[in-house]
Each structure stands twice: as C-alpha cells, then as structure tokens.
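1. Pasting a predicted model and its sequence here:
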Amino acid sequence: MLSDSALVDAVDAVHVLEQQLASVMLGLVRELDGRGVPAVQGASSTVVWLRQRLRMSVSAARRLVELASAVSAGPPVLREALSAGEVNVEQAQAIAACVAALPGEVGSDTVEKAATVLIGHAAEHDVIGLRRLGQRILEVVAPEIGDELDRRALQRAEQKALQDRFLSLTSSGDGAVRVLGRLDVEAAAVVRAALDPLCAPGRVADDDRDAGQRRADALVEICQLALHTEDLPDNGGERPQIVVTVGYDTLLRGLGTALLDTGETLTPEAARRLACDASILPAVLDGAGQPLDLGRERRLITGALRRALVLRDGGCAFPGCDRPAKWSGASFVASRYGDGAA
C-alpha cells in the first residue's frame, strides 16, 4: 500500500504522462488534418472522422481538433512545455489564445517571451488565472509597446465616441419631450461639471425631487442662465420669442391652450410663465385659420422693469429659493417649482 506522499507523487506522475500523451495525440490529429487523411477516407471533416473512428461525441472531437490547431499555431516553446508536462492541455490552449490575441506589431521574440512567462505561471494559476494574466502580458514583456497600444486603443475609442455623438428632443405626444443623447467622455465631463452643483439635494425649499428630476431641472437652469447672457450668437442668444396664435372665436371666449411653433401645445399657465420674460408677437386668426393681425414684437417684462425687480428682490422672490438674480426669470422659478402665480 502506498504512503500518502507516494500516492500524491503517483498522481503527479500520471498527470504528467497524461499531458505528454495528449501532446502526442494533438500532434497526430494536426498531422492527419494537414494531410487530408480524413477526406481521403471518405469523411466530410476531421471532426466527423474522429467521431466515427474513436467513437467520440461531436463536441469532444471538435474540441480535440481546435486544441490541435491552437497549439500548432502557438510558439514552439508552448508545444515543448506541453510535451514535458509543464502545462496541461487546457492551460496550453489558454496560453495559445493569449499570444494569438497579441497585436500584429508585436514581433516573434515578444510572442515567445510572452508564452514563456505564462508557462512559468502555469504551476500557480488555472486557466482563468492565465487568461487574466494574458490580457496584460504586454505590460510585463514589452511595457513600451503595451502603453502605446493602450494609447491607440483609447484614441480610437474617443474618436468613435465623438463621431457617434448626438442629441435629440422628441415629442412623445403626451405633453412631454423625450431627451436622448450620447456624448464622448470629455464632453460628458463638461456637462457633469455644470450639472452637479445644481443637482445637490435641498437647493429648493422642501425639495422632494429624485436625482433624475434634479438633473432635468439643472439642465433647464443652465439653459436659462445661457439665455440671460450676452455671449450666445444673435440668432440663438435672443430671449424666447413666443407667437401666441389665437383663433378669433377663442379670443372672444378666452384663452384655452397655447400652441408652440413646433406644433406642441401648452397650458395657459405654462404660456404665461414663458411670456413673463419673453418677447411677444400677438397673432389673430379668422375662423379658417388665416392671419387677421400680426402685431409688433414687445417684451412683457422690459429691461427697466426687470432691473426694478432685481433691485427690489435681489434674486428669486419665491420663499426658500436662494437663486441669484442672473439665474432667475421674471417669474419662471417661482411658478415652475413653487405654487406662485406667474
């Protein structure tokens, strides 16, 4: 009866022999496939020939052919390690896949070195561990090449992200507009830097908004601030111009809903909020929708009146709101986020 240590040694020795025999089998399969022997004997493929000849399952035969091909394509040092029992068949396949994935700029010497390093780690790592090491093997065997390849990969990713950038605003037909977009990392960092200070909880009195609502409101605030500045182009930097389209009969009865130039409708309250700090062009239509009158542009809140509001209030007048004057429309903040009237 073998002692415990002798039993362990026997297992190790048999395992080495198994790998050596597996190496021989892979070599034979590779040679059979290369010569086309299965086709000569009437088989449609080497996989089918192995299944019929050795009574193997299709999956086992396919795996054997794939292993033979992978090991054959690998560097000689890998075949030698498998023949010597230094790596098992699965480890050899993993190492072969890792070196095969190295970029074409890498020379044969670097490939050989990478395989040697991975073989050296085979005694401590299983297949999964070797694959993880193989993903970063260039950092060990050729760090200067690895850094350059990482830089190129990052550059390609940035260029693709920049090319794929977009922003769309699509009406969903239920009173809302869906905002969808994609930004590169650099542009997204700028957007986050602008949004984050305005997304902090508690900036509005009794703030019960969730994170998504705070980000949406922050985006609107930033656009409001941009419209308050003089830095935007003339065609985009003007305050909103509202064409209030009113049918004659509706004008007699009273305002029902407001129609934007995009074709979307607003409630009277929303229209009044925009009108508080916008340019107004009154338009009157007859029953057939033909314009009867198109008035001159005027501002409901004039520059002088706005300055008076700033002097009086110093900023947003809604209770609990600490927005400065430059962030506030004449009544936008108070009426949109509070319960004040426009």
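-> Nice, thanks for sending it over.
2. so Ile145 makes contact with Gly107?
-> No: if you go by C-beta atoms under 8 Å, Ile145 and Gly107 don't touch, sitting 9.3 Å apart. C-betas here are computed from N, CA, C, even on glycine.
3. Of those two, which one has the most company?
-> Between Ile145 and Gly107, counting by other C-beta atoms under 10 Å, Ile145 is the more crowded of the two (17 against 12).
4. what comes into contact with the host helix or strand of Leu149?
-> If you go by DSSP states H and E, Leu149 is part of helix 143-163. With contact meaning C-beta atoms under 8 Å, 6 or more residues apart in numbering, helix 143-163 is reached by 103, 105-106, 110, 136, 138-139, 182-186.
5. From Gly74, how far out is Ala61?
-> Between Ala61 and Gly74 the computed distance is 21 Å (C-beta to C-beta, to the nearest Å).
6. could you pull out the helices for the stretch 101-250 of the chain?
-> 108-120, 127-135, 138-141, 143-163, 185-195, 211-228, 234-237, 248-253 (DSSP state H, counting those that start in this stretch).
7. ranges for the strands of the chain?
-> 166-171, 177-182, 241-247, 258-259, 265-266, 279-285, 291-294, 298-299 (DSSP state E).
8. Now do the contacts for the closest residue to Glu90 other than its chain neighbours.
-> Spatial nearest neighbour of Glu90, chain neighbours left out: Val127 (5.0 Å); criterion: C-beta to C-beta, 6 or more residues apart in numbering. By C-beta under 8 Å, 6+ apart, the contact set of Val127 is 90-91, 93-94.
9. So which of those is the closest to Ala68?
-> Of all the contacts of Val127, Gln93 has the smallest distance to Ala68: 10.0 Å, by C-beta to C-beta.
10. hey, C-alpha coordinates of stretch 174-181 in PDB?
-> This file holds the C-alpha atoms of stretch 174-181, laid out as PDB (Å, rounded to 0.1, in the frame of the first residue of the first chain):
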ATOM      1  CA  ASP A 174     -48.400  63.200 -24.000                       C
ATOM      2  CA  GLY A 175     -47.200  66.600 -23.000                       C
ATOM      3  CA  ALA A 176     -43.600  65.600 -22.600                       C
ATOM      4  CA  VAL A 177     -40.400  65.600 -24.700                       C
ATOM      5  CA  ARG A 178     -38.000  62.700 -24.600                       C
ATOM      6  CA  VAL A 179     -34.400  63.800 -24.500                       C
ATOM      7  CA  LEU A 180     -31.900  61.200 -25.800                       C
ATOM      8  CA  GLY A 181     -28.200  61.600 -26.500                       C
END
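11. What average pLDDT does that stretch get?
-> Averaging pLDDT along stretch 174-181 yields 88.
12. can you check stretch 191-200 too?
-> In this model, stretch 191-200 has an average pLDDT of 88.
13. Please spell out which residues along that stretch are buried.
-> 195, 198-199 (16 or more other C-beta atoms under 10 Å).
14. Nearest to Leu7, out of those: which one, please.
-> Relative to Leu7, the closest of the buried residues of stretch 191-200 is Cys199; by C-beta to C-beta it sits at 65.4 Å.
15. And the nearest residue to that closest one once chain neighbours are set aside, what's its pLDDT?
-> Excluding its sequence neighbours, the residue lying closest to Cys199 (C-beta to C-beta, 6+ apart) is Arg214, at 4.5 Å. Note on Arg214: pLDDT of 90.
16. picking that back up, hey, least reliable of the strands of the chain by pLDDT?
-> strand 298-299 has the lowest average pLDDT among these, namely a mean of 50.
17. coming back round to it: give me the angle between the helix holding Leu149 and strand 177-182.
-> Orientation check (axes from the mean of the first three to the mean of the last three C-alpha atoms, to 10 degrees): helix 143-163 against strand 177-182 gives 150 degrees.
18. average pLDDT across helix 143-163?
-> Averaging pLDDT along helix 143-163 gives 79.
19. and if you look at stretch 2-16?
-> On average, stretch 2-16 scores 86.
20. Can you name the residues in contact with it?
-> Stretch 2-16 has contacts (C-beta under 8 Å, 6+ apart) with 85, 88.
21. Kindly report the same for stretch 177-192.
-> With C-beta under 8 Å, 6+ apart, stretch 177-192 has contacts from 158, 161-162, 164-172, 264.
22. Just put these in a markdown table and tack on distance to Met56.
-> As requested, the contacts of stretch 177-192 are arranged in a markdown table below (distance: C-beta to C-beta, whole Å):
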| residue | distance to Met56 |
| --- | --- |
| Glu158 | 49 |
| Ala161 | 47 |
| Leu162 | 51 |
| Asp164 | 47 |
| Arg165 | 52 |
| Phe166 | 52 |
| Leu167 | 57 |
| Ser168 | 55 |
| Leu169 | 60 |
| Thr170 | 57 |
| Ser171 | 62 |
| Ser172 | 58 |
| Glu264 | 67 |
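23. which among those residues end up buried?
-> Buried, going by 16+ other C-beta under 10 Å: Ala161, out of these.
24. if we compare the helices of the stretch 101-250 of the chain, which one ends up closest to Val47?
-> helix 127-135 (22.5 Å).
25. List the buried residues of the closest one.
-> Residues 127, 130-131, 133-134 are the ones in helix 127-135 that count as buried (16+ other C-beta under 10 Å).
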